[in-house]
Each structure stands twice: as structure tokens, then as C-alpha cells.
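> Got a sequence here, can you model it:
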Amino acid sequence: MMTFLTPLLLWGTLLGAVPLIIHLLNRRRFRRVEWAPMRLLKLTVRRNRRRLQVEQWLLLLLRIALPILLFLMLARPILDPTGLEGWAGPGSRTSRIVLVDDSLSMGYTGDGPPAFHQARELAAALLAQANPQDRCSLVTTSMPSAPVLLEVEGSRQDELAGAALGLSPTETHAAWPSVFEALDGVLESCAFPTRQLTIVTDLRRSGWDDGVGPIARQWQERGLSVRIVDVGDDGDRAGNLAVEALEPLDRTILADAESRWEATIRNDSPRAITGGSAILHVDDAPTDLPLPEIAPGSVARVPITVRFAGPGPHDLSLELPEDPLPGDNRRWAAVEVKESLRIRLVDGEPSSEPFGGEVGYLAAPLSIGVGEADAWQVEVVLEEDFLSNRLADPDVLILANVAAPTPEQADRLIRLVRDGMGLLIFAGARMDVGAYHDLLDRDGVRLLPARMQAMVDQEIRGIVIEPVRPSPLEPLLGLRASALERVAVRQVMTVEEVAGDGEGDVRVLARWNDPARSPAVIERVVGEGRVLLWTTTADRDGNDWPVEPSFVLAIREAVRGTARATPLANIVTAGEPIRKVVETNQEPTDIRLFPPNDAEPRALSAVPRNASTEDDPGTSLVINVPDTRRAGLYRITWDEGPIGVQDDLSAANPDPRESELGRIGRDELTELLRPLTVEVASARSGTDALSTPTGRELWRALAWGLLALMIAEPMLTAWIGRSR
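Model (predicted):
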């Protein structure tokens, strides 16, 4: 197949007829005159006639070929074109689908405008070239199951082009197997059996995998014509700086108390980042945050300390300086800050004497609080009613030398820990080890970090903190060794270490400084909760640690590290739906959504929750935000009548996979889509070349051929005109 970049110049090939016309006219100019010597010449001519005719015809053909080759070269022929010029050309009635990649990576600027701008213009040009009898559809990768246009007549060119030019970029990820599966439903709904799919993308490697193979095979069997237009730029040249994560290090975020966060920043640029700074936004207050030196191709973890004023919804974001891919330069967090942390101490052996009970040395350091005086609320109860229904569920429950929970308490304890409550168990002589195992290690439920054996008298001096991260006891690694070496222990609960058995992960966080390196603190992760088993007592009966300053730090950090986590369910990845559950007896009215970038608020509705369980007896309504393709903060407000106006804050973040700008090669792409035949064209030269065919140009070969003919023509003329 061949096409021409400047086909009008092909008319110049008609000049090839000029030598033929001159030849015919010259033959008519002479008349025959017989004279005597002609008889002798005729004999010679008869012998050489065939040779002379061949030479004359060769010279004539050469002179005809000269202008033809000249104008063919000027018309710039292309062999096996892969351009867009003929993609919407004439043919039978066709359903034409244009799929535009509107993922985050399409915002990469490179050496020119963002790839998405070129994609919009290209989609508009393709749809505007459709035949009037065709049906056209416009689809985006962010919502492939909801076409922007579906089966619109090709004669409505203004509407088609306007819809393409009106597309907006998103911060979503283009996972091509999922995109193809959703797009398959759109293809099935097309009216005409002849279907043509054009995919406009930047051909980033991220998102392409073997999952596209099954759909590609189905499309090949249906005879679908697929073409891919590459509008991407080489993202590896300029690199990229991205905020990959913004996560809290503290499980519980309290009002007016410092909370520790960590930002993960990746430097894909070819140069080190030195002396840079980012902007930290806490609610509406921006501050400069100095960045450490980040080497090329490396990841830096930047610690952040934040204080939120008052309980309720708050937002936090980190913004990097502008670079070629601005979509991943900022990340948000929306947090429902708690007013206080509820800590419940269960005294297994109470006493009226100061520090005489099991929890006296626990209550003192925990009552200091964090930030405001009532940020940590400590309550001491007896073991008979530590999970009474009249008490609110605690964020942290500490059992100190408690004999054993009842079966009812054990059932509720398992449920609370799985839902996120922290549990600290201190050993003691009153503990019924068998009852603990029967109640908390049964029916496949493993709540205890290790199997306890018995309390034994053993003289040990010193405790060693294991260098595991993250760990509730990690801050103790910063203490001097002497601070932990002087800890004296007299009673230890012997345990049987078990690693990776059934439910949750088990880790030893600290060990006693004895020859056997006996476990001192063991952790198990159960569902959303954490369980810490301390193999000594919480009072001074079994050790002298409670009077050491390191004990205060250990207890406080253990509580911070195991407390019920502040839920981060209202932080989603761009493109995922936001789902707000409202527990109310009122009918919410005036539900409004305030999307990012000061866009116009939109009205929403609440629908009843699917099912109500015994644990959730209240009236539950759900407010769904289906479209979160733009990254940023989403605020929902609603009116609950007598209760007043309520609000909720959520955040949608860019998908970090879109920051990987490596490109996929044509050979690899063809292999993934095999056996589907795919035509690939490049439109990276700018908008002026969007409809220019690409392929193997022949003008250079024609130029060499023309030069050869120009040299051969005078040589052949001289050869024919020689004296013989």
C-alpha cells in the first residue's frame, strides 16, 4: 500500500508524455527522397535496424522517466503508510469508536504541550472526518463504561468535534485490561457490524500487561479493526518528581496534639534534588517544608509533624515544585480527628494503697496526656465488668494480671480487636493460662501472640529492644544502652514462640537479657487491631522496670502504637468511589458535594444501606460520590434537621503507578495484543502533523534514481549519436 504526502504534484508526471510527443512530431517533419547512394545505405540499415530501434526506444523511455521520477519524488510517496489520513475514509457503514487516554501521565509536557492536548485535537479531527452514514462514539479510559458520546451520526461533525475538544484530564490510572473489558460492552452495543477502534494514548508501560490478551483474541475473532495513535513523549529524558505517599505514623490522630506523618518522595530525574522545599498545607494554612537531598532514581522519606486544631474533619497535603508532570506533585489526606483517646485499665489485683494495685504504675504515665489535658482519658475498672455494655468501647484495653475473661467477654474481646481496638496483656501469678488459651485461641481464632506456660522466678538484668520497624517500641531504640541494662526482672512468664501460625503476623519486639533471650514483649496483628503480650507484671512484684524512666516511654509508645487507628477510609485513589455511611434517625436533606478546584457544587442523594445487622441496629444511609477522577478534596454537607448541618471530608489522590513514565515498545505491545493485528501511528510531531501519514518514505530512493538517469541520458545520447 502506498500514499503521498503532496498528491497534487502527481499531475506533474504528465510531463513524461512530452518526450513522446516530440518524438512523434519529429517523425512527421521529414519526407522521403530517393537518391542513388541510398540503395547502399539501406543494406547497412537493414543489418543494424533492430539495434538502432532498441537504442532509440531506450533513450525515449529514459527521457520519459526523468520528469515522472522528478514529480514522484516531489509528491513524497510513503510505502505501507500507518498514518491517520485514511482511517476515517470512505467505505461501508461503520461504527467508529475513539478511545482517549485521559490518565495522569497524559499531562506530561516534555518538549511541548501536554500529550492530552494533542489527544483531544486528534480525536476531534478523527471524528470530524467520519462519513455521514457512520456512527461515532467517544470514550475515555477513566470511565470506559460510560461513553461521552455513543453512536452519534457522523453528519453531526460539530457536535463530535466539540465533545472531543471539551474533554478534561484526570488523575486516574489507565489499567488497560480493565479498560478493554469495560470497552467491550460499548463495542457490543454498536449498531453496525463493521467496527473500527482508534486508541489515542501516550504508550506508557504502566498499565499494560498480559491481561489484555483474552480481550484482544475476542476482538480478532470478531474482525475488529484496531489502530493506536502514539501522542506520548519520552518521559525518561527529563524525569519526574512525585509524592508517592502521605501516611500517618501514629495510629490515632488527636485534636491539639502533635501527630507524626511521613511523606514518600521519589526522584526519577537525572539530577539530585538539593536545597529544595515543598509546601505543607494544614487545613488552609501553607508552610514551607525543607526537603532533604534526594539522589537521582531514589526515594526519600520525609518526616512531618502536624497539629490539628480541634476535633472533626481536617485536611493535610504536601505539594512539590512544578515539574514536567504536575499531576503527581501533590497528595492529600483527609482525617477525622478524635477529641480524645480512651484507655481502659483492668486491675486484676486491686489495692487501696497507692501503687499497690496492678495498674498503678500504668495509670500514672498514661494520665499525663498529650496536648490538651483530657486528650488521653484513663479509666480503671475491675475484671468483673471490664466490657460492660454501660461502658463505651475503649481504644486501648490493658489487662493486668487478670485471671481470665468470661466466654462472653472473650467473644466480644475478639470482635473488638478485629475491629481495631488495641489490647495489652501483662502477665501475673493470678492468670489462668489454660482458660486464656481455651477462650482466646479457639476455632481458628488466635488472639494471643504466643502460648503461655507458667510464671517462673528468674533473675534477669536488662532488656533488649529488637530493631524491627515499624514497631510500637521503636522510640526506645534511641535510648542509651545503660537505660535499659539496669532493668531488673524477678518473674517471667515463659512462652512458646510461634511464628506465622494462622491469623495475623507475630513479632518479638523486645527480649530479656538472659542466655535464652526470652521474649519480653510479643506482638500479634489481628484484623485491624494489635495485641501486645508482656511476659512480666505491670507492677513491682515481678520487676523494677515500672520505676525506670524508660518504662514511662515504653508504656506511652505502646499505647500510641496499638490504639484504635484513626480511620483513613475517606482517602481513596482517584477514580475510586467515595462512600459515606450516615447513621441517623433523621432524613438528610440538601446533600451537596463540593468537588476539588472550586468547581460548582453538585446535589447528591442518600440511599438506604443494603442490610442491617445485629451489630448495626441504627438507621443507615449511604451517600455515594461516583466520580472522583480529579485528585483533591471532596467535601459533603447535609442537613439533619434538629441536629443541624453536618459535613464530611474525603480526599482522592493520584495513582502512583502513573508516575512511572517508561514507555512500551511497539514489539512488546504487538506481542501483548497477539493475535490481534494493530496498526500503530505516531503523532508526536505536533498538531500540524496529526493527520500526516507515517511509514517508509521513498523520496530518497527516487532522488538517487533521478540522479542516475540524469547521468545516463547524455551518455546514452552520445553513444547513439557516435559515428559508425
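> where along the stretch 501-650 of the chain do the helices fall?
Using DSSP state H, counting those that start in this stretch, the helices of the stretch 501-650 of the chain run over 549-562.
> What residues sit buried inside stretch 445-460?
Going by neighbour count (16 or more other C-beta atoms under 10 Å), the buried part of stretch 445-460 is 445-452, 455, 458, 460. Any C-beta I mention is one placed from the backbone N, CA and C, and that applies to glycine too.
> Between which two of the residues you listed is the distance greatest?
Maximum pairwise distance among these (C-beta to C-beta): 31.9 Å, between 445 and 460.
> Name all residues that make contact with residue 512.
460, 462-464, 489, 492, 518-520, 535 (C-beta atoms under 8 Å, 6 or more residues apart in numbering).
> sorry, back to before: and of the buried residues of stretch 445-460, the nearest to residue 672?
Nearest to residue 672 among these: residue 446, at 43.1 Å, using C-beta to C-beta.
> Bridging across strands, which residues link to the closest one?
Per DSSP bridges, the residues bridged to residue 446 are residue 441.
> what's the spacing between it and residue 19?
97 Å (C-beta to C-beta, to the nearest Å).
> Next: residue 300.
Distance from residue 300 to residue 19, by C-beta to C-beta: 74 Å.
> hmm, back to that, just the ones of the buried residues of stretch 445-460 in strands?
Mapping the buried residues of stretch 445-460 onto strands (DSSP state E) picks out 445-446, 451-452, 455, 458, 460.
> Where do the helices of the stretch 151-300 of the chain begin and end?
157-165, 176-188, 212-222, 235-238.
> which other helices and strands contact the first one?
Contacts defined by 3 or more C-beta pairs under 8 Å, 6 or more residues apart in numbering; DSSP states H and E place helix 157-165 against helix 115-128, strand 135-140, strand 149-153.
> can you list contacts of the second one?
Outside of strand 135-140, the residues within contact range by C-beta under 8 Å, 6+ apart are 93-102, 123, 127, 130, 147-154, 160, 163-164, 167, 170, 183, 186, 190-192.
> Sheet-wise, list the partners of it with their directions.
Assessed with DSSP bridges, strand 135-140 is paired to strand 95-100 (parallel), strand 149-153 (antiparallel).
> Now for residue 469, how many residues are close by?
7 (other C-beta atoms under 10 Å).
> any idea how far it is from residue 712?
80 Å.
> and for the helix or strand where residue 304 lies, what are the contacting residues?
If you go by DSSP states H and E, residue 304 is part of strand 298-307. Identification of contacts with strand 298-307 by C-beta under 8 Å, 6+ apart yields 244, 249, 256-267, 278, 280, 282, 289, 291-292, 294, 316, 318, 371.
> Drop the exposed ones from the residues you listed and show what's left.
For the contacts of strand 298-307, buried by 16+ other C-beta under 10 Å: 244, 257, 259, 261, 263-267, 278, 280, 282, 289, 291, 294, 316, 318, 371.
> any idea how far residue 543 is from residue 481?
18 Å.
> Give me the more crowded residue out of these two.
residue 543 (24 against 10).
> who touches the residue nearest to the more buried one when sequence neighbours are not counted in this structure?
Nearest residue to residue 543, sequence neighbours excluded (C-beta to C-beta, 6 or more residues apart in numbering): residue 489, at 4.2 Å. Residues near residue 489 by C-beta under 8 Å, 6+ apart: 458-461, 463, 512, 536, 542-545.
> Redo those as TSV? Include pLDDT and distance to residue 599.
Below are the contacts of residue 489 laid out as TSV (pLDDT from 0 to 100; distance: C-beta to C-beta, whole Å):
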residue	pLDDT	distance to residue 599
458	92	66
459	94	69
460	94	63
461	94	65
463	95	56
512	95	59
536	95	58
542	92	62
543	94	60
544	93	62
545	93	57
